[in-house]
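> mind folding the following:
(one chain, ligands or ions: 2)
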Amino acid sequence: MTHILAIANQKGGVGKTTTALNLAASLAHSGKRVALVDMDPQGNATTGSGIDKQTLQHSSLDLLLDRADFASTVLHCKAGKYDLLPTNGTLTTAEVALLKTPMREQRLRHALLPAATNYDYILIDCPPSLSILSINALAAATGVIIPVQCEFFSLEGISALVATIEKVARMANPKLRIEGILQTMYDPRSTLTMDVEAELKNHFGQQVFQTAIPRNVRLAEAPSHGLPALTYDKHSRGAIAYRGLAGELVRRHQHKPNNPQKPKEQP
Ligand SMILES: Nc1ncnc2c1ncn2[C@@H]1O[C@H](COP(=O)(O)OP(=O)(O)OP(=O)(O)O)[C@@H](O)[C@H]1O
Ligand SMILES: [Mg+2]
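Ligands and ions are numbered 1, 2, ... in the order given. I've put the predicted structure just below:
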C-alpha cells in the first residue's frame, strides 16, 4: 500500500516544509521509495531539494491542469534519494485556472494515481492556507501529518483544519485520517512548550507522535544548501529527530497497514 501523506497546517511557518523535506529524505535513506509533491507556490520544498524553481520544465501546476503527466514532471533529488514534483510561483494561478474545471478538488489525486504504486510514501507539502491546493492534497491523501509549533496560539486554527479534514473525508475521500500531530521547534525547558504539549495530548491523545522535533539551527541551514539535514549534518539533533519520526511512522504502518488512527472529536 502507498501511504500518501499531506503535511498540512494553514498556519504559516510551523515546520511543514522542513518536515516534508527531512521526512522524505529519512524515509528514502531507510530504503523506502519516496516522492515529495510541492503544492506550495512559495516553492520552498523545491528549493530545499536543490532544484532551481525558475528553470522548471513542468511543475505541479501542469499536473493539476493536466498539461503534463507525472513522468514528465518528476525530478530526482540525489542527496535526499527521493523524487520531487517541483513547483514555483506560477502555482498561484491554479485557483482561478481550476475555477471552471469539473472535479477540481480531485485533480492531484488523478495525477498521482498512475505512479502511486511505484512508491511506498508520497508526501505532499501544503501551503499555509485552506485553499484549493490544500483541498487537492487532502483529497489525494490517505493521511494528514499536522506539524504544530509549540508556542502560544498554536492550537488556534487546528479545529478549522480538523473540520476541513473531516469535510473532505465526508465529501471526497472517506479513507482520509489524521496520521499524527507533530510537535516542532520543541523545547522541553520552556513551560509554554510543556503547556502546549499537555493540551495537544489532552485533545489528540495517541495521535500526537512520540517523536518531537527540537529547535535546531541545522534544520534551518540545510535547505539553503539544497540538502536534507541528514546529509548536511547527519549527527545534528534535527537530523536524528526526523530519522526517529520516519522510524515511528514505518513501525506504525507495519503494525496496522490499512488502519491509521481515526480523528477524535475536534478541540
Ligand atoms: N525544528 C526547527 N528548528 C529550527 N528552525 C526550524 C525548525 N523547523 C523549521 N524551522 C525554520 O522555521 C522557518 C519555518 O519553517 P518551514 O518553512 O518549514 O515552515 P512552513 O510551515 O513550511 O512555512 P510556510 O507556512 O511559510 O510554508 C524556516 O526558516 C525553517 O528553516
Ligand atoms: Mg512551507
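
> so which residues of the stretch 1-150 of the chain form strands?
3-7, 34-38, 75-77, 82-85, 121-125, 143-149 (DSSP state E, counting those that start in this stretch).

> and whichever residue of the chain sits closest to ligand 2, what does it touch?
Closest residue of the chain to ligand 2, C-beta to the ion: Thr17 (3.2 Å). C-betas here are computed from N, CA, C, even on glycine. When contacts are counted by C-beta atoms under 8 Å, 6 or more residues apart in numbering, Thr17 touches Asp40, Asn44, Ala45, Gly48, Asp125, Pro223.

> run the last query once more with 7 Å
Thr17 makes contacts with Asn44, Ala45, Gly48, Asp125, as judged by C-beta atoms under 7 Å, 6 or more residues apart in numbering.

> most tightly packed of the strands of the stretch 1-150 of the chain?
Burial of these is given as mean neighbour count (mean count of other C-beta atoms under 10 Å); strand 34-38 ranks first at a mean of 29.

> ok, which stretches of this structure are helices?
16-29, 44-48, 60-64, 70-73, 94-97, 107-116, 132-140, 158-171, 191-204, 217-221, 229-232, 237-255 (DSSP state H).

> is the first one anywhere near ligand 1?
So the one you mean is helix 16-29. Yes. Residues of helix 16-29 are located near ligand 1 by C-beta under 6 Å from any ligand atom, namely Lys16, Thr17, Thr18.

> would you tell me which residues of the stretch 151-267 of the chain are close to ligand 1?
Thr184, Met185, Ile213, Arg215, Asn216, Leu219, Ala220, Gly238.

> residues near the nearest residue to the fifth one once chain neighbours are set aside, how many?
By the measure of C-beta to C-beta, 6 or more residues apart in numbering, the closest residue to Asn216 outside its immediate chain neighbours is Gly238, 3.5 Å from it. Burial measure for Gly238: 24 neighbouring residues, criterion other C-beta atoms under 10 Å.

> now swap in Gln183 and tell me
Gln183, neighbours per other C-beta under 10 Å, totals 23.
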